[in-house]
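**Q** Below: sequence and its predicted model.
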Amino acid sequence: MGDHALVISFQPFRGQWVQAIACFLTHSNATADELTKLLLEAVILLERSNLFVDGVVTDGASWNRSMWINFGVTKEKPSAEHPCDPQRRLWFISDFPHLLKCMRNAVCSKKIIKTPKGDVKLDHWEAIIEANELHQVGLRQCHKLTRDHINPDPWQKVRVGMAFQVPETEINYYLLLESKPEMSVMSHFDFQFWSASVAASMSCLRFQDCSKLDDCDASIEMRELINKLSDAMNSNRPANAMRLNTSQYQDIQNFLDYFVSLKKWDDDRLLEKLVIGEKARVANLRAKGKRPREKSRDALRQEDYIFSDSTDIGLIVTLKGTLELVKFLVEKCNFQFVMTARLNQDALERFFGLVRQSCGGNTHPEPRVFAQLFRLLSVYSLVKPMRGSNITGGNMVTTLLNLDDLKSKTKQERQKAFTDKLDELVINGIHLDEIPDIIESFNHDHNYVLGGESIDEFALSYVAGFVSRHSTRYIKDCVECEKCIKKTESEKTEVDMLITMKSKGWLTYATDALINLLRVIEQSLLQASLQSEMEENFIFVVLD
């Protein structure tokens, strides 16, 4: 009885459609020889159907790596001769999100990674979490980074999503500015591997004393390179797609050079260490009157590399293959750009997710059920109604036609009451001089939750800038109104540093008046959340 499912699907470089073309059930995993034959047959059949196959994407399983060997794929040669055309190449690529997950797990397991420029320590992540835990409620800069990211359990280690949420870019800012307060501006990186939304906020904590971040230069360098690599390898829009001779193309090459040099440096360091140990062993045996058998340098057994062999070859082959494939598509196939997010297994993962969801409560279907669901889901996209159409089938149409609450009198009355309450607040207004007294009135028996430190000033300034930017579209003809909510870059203060770190030139700095207004709103929300349960009239409790 089969206990493993092997699915082969086709995904084009252009277009949004993906089609599963084959499903196989095996007892245990399929061997490398079997995978080689299946892959060759799939490529040949697709080519006969006028579908061009230029790349093969797999995960990092050992049997997939062995299949690469059967095709002659090595670190120096990331492609093989195409089975249907000797003039073409067939590139092999490892699923990039899984490679990032393996790199994250290596940092978590080894705690310390040595590089030529210093140590990359897990304590650097720990320091950021400790700074984040100062704000248990309310606005926080680093709300996505948790201890589960740096101390994952066995199940979390295999989750790719956990690796993508580990803050990296914004952690870089925090590490750099924590150790070098004189640096106030850095270039912004905006991908989520080691989360871009968290990283920039870390730089705003640079003035805090943190002994764990005194030696974080090596961590900053590695994270900058990984962050740029993540941007380049996960482009999913024409605006950020990869083109030849662009920054994304060079970012991949830069990381590849860094990774190869790091491997060579680590090999030399470990080998020299083992040579010294071997000399000591030989000297000790000779001192005892024994005749030792000396080993050559190449015969010495080296310690494990920073990353596993699978991750090592997977990264190098994937990055080299991506560069060569992009060059081939642009120069030979008249592509203007390539969205590199297509070079991973996201579509296949979504397909497996559909299979599990289709089984109801049984998220691990038996082989026969899986095969039946595959046949149904493989044609699902062909019979699925277009988005926005009114042909939904089943009870969905009935449900949509019976949403009486949308026109209910109660709903209209609540909307009118809410609008009247807002009008009352706008008409009466609050003078700026009254704001400190209002904030002071919020202090009560729960001040351990709503103390002065519960609102992060950097995060508050960033939210205020967001409000300011979206408000200016409604007051384009009023210069005075714009001055009330928006200030120039020359007027920015220290609390605006988060905006500076995340901005690419388009973010807005909010005035002190708008920041104070949002501070009152934030305090009101926190106070109301303690005094009232979350229910339909909660917004009126906040307004009162």
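**A** Arrived safely.
**Q** Could you list the domains of the chain?
**A** 99-233, 430-543 (automatic domain parsing).
**Q** Lowest mean pLDDT across the ones you listed, which one is that?
**A** Least confidently modelled of the domains of the chain is domain 99-233, at a mean of 65 by mean pLDDT.
**Q** now the end-to-end length of that one.
**A** From its first residue to its last, domain 99-233 covers 11 Å (Cα to Cα, to the nearest Å).
**Q** and what of stretch 486-497?
**A** By Cα to Cα, one end of stretch 486-497 lies 16 Å from the other end.
**Q** For the longest helix along the chain, the averaged confidence score.
**A** As assigned by DSSP state H, the longest helix anywhere in the chain is helix 247-287. The average pLDDT within helix 247-287 is 80.
**Q** tell me the SS of residue 87?
**A** Under DSSP: H, G, I helix; E, B strand; the rest coil, residue 87 falls in the strand class.
**Q** Kindly report the same for the one 3 residues further on.
**A** Here residue 90 is recorded as strand under three-state DSSP.
**Q** Also the one 10 residues further on?
**A** The three-state label given to residue 100 by three-state DSSP is helix.
**Q** Tell me the buried residues in stretch 457-469?
**A** For stretch 457-469, the neighbour count (16 or more other Cβ atoms under 10 Å) marks 457-465, 467-469 as buried. For every residue, glycine as well, the C-beta is placed using N, CA and C.
**Q** What of stretch 491-509?
**A** By 16+ other Cβ under 10 Å, the buried positions in stretch 491-509 come out as 492, 495-503, 507-509.
**Q** before we move on, what about stretch 327-343?
**A** For stretch 327-343, burial by neighbour count (16+ other Cβ under 10 Å) applies to 328-330, 335, 337-343.
**Q** How about stretch 2-11?
**A** Buried residues in stretch 2-11 (16+ other Cβ under 10 Å): 5, 7-11.
**Q** And for stretch 127-137?
**A** For stretch 127-137, by 16+ other Cβ under 10 Å, it's 127-129, 131-132, 135.
**Q** does residue 473 count as helix, strand or coil?
**A** Taken by three-state DSSP, the conformation at residue 473 corresponds to helix.
**Q** Neighbours of the nearest residue to residue 72 once chain neighbours are set aside, how many?
**A** Leaving aside its sequence neighbours, residue 72 sits nearest to residue 80 (Cβ to Cβ, 6 or more residues apart in numbering; 5.3 Å). Neighbours of residue 80 under the rule other Cβ atoms under 10 Å: 16.
**Q** which helices and strands does the helix or strand residue 80 falls within pack with?
**A** Here residue 80, judged by DSSP states H and E, is contained in strand 79-82. In terms of contacts (3 or more Cβ pairs under 8 Å, 6 or more residues apart in numbering; DSSP states H and E), strand 79-82 is packed against strand 85-94.
**Q** re earlier: pLDDT added to the buried residues of stretch 2-11, as TSV?
**A** What follows is these, written out as TSV (pLDDT from 0 to 100):
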residue	pLDDT
5	81
7	87
8	89
9	90
10	92
11	91
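**Q** Is it correct that residue 113 falls within a strand?
**A** Yes: under three-state DSSP, residue 113 falls within a strand.
**Q** For it, list each beta-bridge partner.
**A** Applying DSSP bridges to residue 113 gives these bridge partners: residue 120.
**Q** and if you look at residue 94?
**A** residue 58.
**Q** surely it meets residue 61?
**A** No: in this structure residue 94 lies outside contact range of residue 61 using Cβ atoms under 8 Å: 9.9 Å.
**Q** and these two? which has more neighbours close in?
**A** Neighbour tally, residue 94 and residue 61, criterion other Cβ under 10 Å: the higher count belongs to residue 94, 28 against 15.
**Q** what sits against that one?
**A** Contact analysis of residue 94 by Cβ atoms under 8 Å, 6 or more residues apart in numbering lists 57-60, 64, 314-315, 317-318.
**Q** May I ask which of these comes out lowest in pLDDT?
**A** residue 60 (86).
**Q** Now do the SS call for that residue.
**A** At residue 60 the chain is in coil, as set by three-state DSSP.
**Q** what about the residue nearest to it when sequence neighbours are not counted, neighbour count?
**A** Excluding the flanking residues, the one nearest residue 60 by Cβ to Cβ, 6+ apart is residue 310, at 4.8 Å. Here the number of neighbours of residue 310 (other Cβ under 10 Å) works out to 18.
**Q** Spell out which helix or strand contains residue 310, please.
**A** Using DSSP H and E, the element containing residue 310 is helix 309-332.
**Q** After that helix, which helix or strand is next? Please name it.
**A** For helix 309-332, the succeeding helix or strand toward the C-terminus, using DSSP H and E, is helix 346-358.
**Q** Tell me the helices and strands packed up against that next one.
**A** Packed next to helix 346-358, using 3+ Cβ pairs under 8 Å, 6+ apart, are strand 4-10, helix 367-377.
**Q** what sits against residue 6?
**A** Neighbours of residue 6 in contact, by Cβ under 8 Å, 6+ apart: 23-26, 30, 35, 38.
**Q** Show me what it bridges to in the sheet.
**A** Listed beta-bridge partners, residue 6: residue 24 (assigned using DSSP bridges).
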